[in-house]
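K.L.:
Quick one, structure for this:
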Amino acid sequence: MGKTLNNQKINQILIVEDDKDIAGLVAFNVEQAGYVPETVHSGEEAIKKVRENPPDLIVLDLMLPGIDGLDVCKLLKSGDKTSNIPILMLTAKGTEEDIVKGLETGADDYVTKPFSPKVLIARIKNLLRRKQTKISNKNDEIYFDKIYLDPGKRKVKVNGKEIDLTYSEFEILHFFLLHPGWVFTRTEIVNNIRGDNYLVTERAVDVLIVGLRKKLGAAAKYIETVRGVGYRLKEK
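P.N.:
Take a look at the predicted model:
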């Protein structure tokens with residue numbers, strides 16, 4: 001994952017885009033920013049390439065021939081060796097429903113077409129920076145009452161029973177567990193788990209919280225809604 005030049009790591013960016021003109025534009029800007037771009041044009045190619053040589057970040061179109069972008073994202077985020085690779089969705093599908101779907105399948109950021117190359121590169125830099133921060137500082141296991149979370153293995157147990165969370169649900173729970181008692185707005189939740197200026201709606205966060213509470217069962221009582229503000233993890 002990544003190459004080195006003069007002992008410095010160069011991040012590899014996989015661009016998954018069936019429109020060759022757009023793929024070329026993204027690759028040009030990625031290279032100008034100092035990264036190593038590689039381009040594929042279908043979901044099947046993307047999955048094969050990631051498994052052979054995991055990149056540091058994926059720029060993923062949704063409307064692809066064969067396996068679409070949502071299914072590619074879902075598959076990669078559910079894999080032990082690929083779940084931590086940041087995925088930036090770059091797509092013309094920008095409705096609220098599309099954004100919610102992207103969040104639920106684990107997208108780390110969502111940029112709509114037409115796009116600003118400068119904004120795209122800024123988002124890529126931010127995701128890579130946040131990825132490194134997570135690797136460096138947030139790998140400690142957490143025990144909170146009957147909840148157990150292992151960031152490295154991406155496992156969550158409630159009352160000793162493992163539960164299956166989506167990528168976004170896991171990130172939100174991890175964020176809450178790191179800050180018990182703190183009250184966060186919906187925007188703050190998204191900014192802290194995905195990066196500043198992430199395109200999202202309040203409904204998208206609410207959908208994720210509802211799903212997380214259902215899976216936590218009796219432990220859902222700790223995730224409190226703070227009327228007019230947002231959410232918090234209630235202290236024991």
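K.L.:
nearest spatial neighbour of Phe184, skipping sequence neighbours?
P.N.:
Of all residues not flanking Phe184 in the chain, Gly230 sits nearest, at 5.1 Å (Cβ to Cβ, 6 or more residues apart in numbering). Quick note: C-beta positions are derived from backbone N, CA and C, even for glycine.
K.L.:
Tell me the spacing between that neighbour and Ala219.
P.N.:
Per Cβ to Cβ, to the nearest Å, Gly230 is found 19 Å from Ala219.
K.L.:
phi, psi of the most centrally placed residue in the chain?
P.N.:
Centroid check for the chain by Cα atoms, centre = their mean gives Asp108 as the closest residue, at 2.6 Å. Taking degrees, to the nearest 10, you get phi -90, psi -20 for the backbone angles of Asp108.
K.L.:
One more: Gly181?
P.N.:
Note on Gly181: backbone dihedrals following degrees, to the nearest 10 are phi 90, psi -20.
K.L.:
wouldn't Ile172 be in contact with Val210 here?
P.N.:
No - with contacts counted by Cβ atoms under 8 Å, Ile172 stays clear of Val210, the gap being 11.4 Å.
K.L.:
okay, those two: which has more neighbours?
P.N.:
Comparing Ile172 with Val210 by other Cβ atoms under 10 Å, the one with more neighbours is Ile172, at 25 against 10.
K.L.:
how about the more buried one, what does it touch?
P.N.:
Contact analysis of Ile172 by Cβ atoms under 8 Å, 6 or more residues apart in numbering lists Ile189, Ile193, Leu208, Ile209, Leu212.
K.L.:
ok, now how distant is it from Leu208?
P.N.:
6 Å.
K.L.:
same question, Gly152
P.N.:
22 Å.
K.L.:
Provide a complete list of residue ranges assigned to helices in the chain.
P.N.:
20-32, 43-52, 69-77, 96-105, 117-137, 167-178, 186-194, 202-216 (DSSP state H).
K.L.:
With distance to Gly160 and mean pLDDT as added columns, please give those in a markdown table.
P.N.:
Formatted as a markdown table, the helices of the chain follow (distance: least, Cβ to Cβ, whole Å; pLDDT from 0 to 100):
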| stretch | distance to Gly160 | mean pLDDT |
| --- | --- | --- |
| helix 20-32 | 45 | 96 |
| helix 43-52 | 32 | 95 |
| helix 69-77 | 25 | 92 |
| helix 96-105 | 27 | 76 |
| helix 117-137 | 26 | 77 |
| helix 167-178 | 17 | 89 |
| helix 186-194 | 26 | 77 |
| helix 202-216 | 14 | 89 |
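K.L.:
will you turn the contacts of Ile172 into TSV that also has neighbour count and distance to Asp21?
P.N.:
Converted to TSV, those look like this (neighbours: other Cβ atoms under 10 Å; distance: Cβ to Cβ, whole Å):
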residue	neighbour count	distance to Asp21
Ile189	20	36
Ile193	21	33
Leu208	25	34
Ile209	21	39
Leu212	22	40
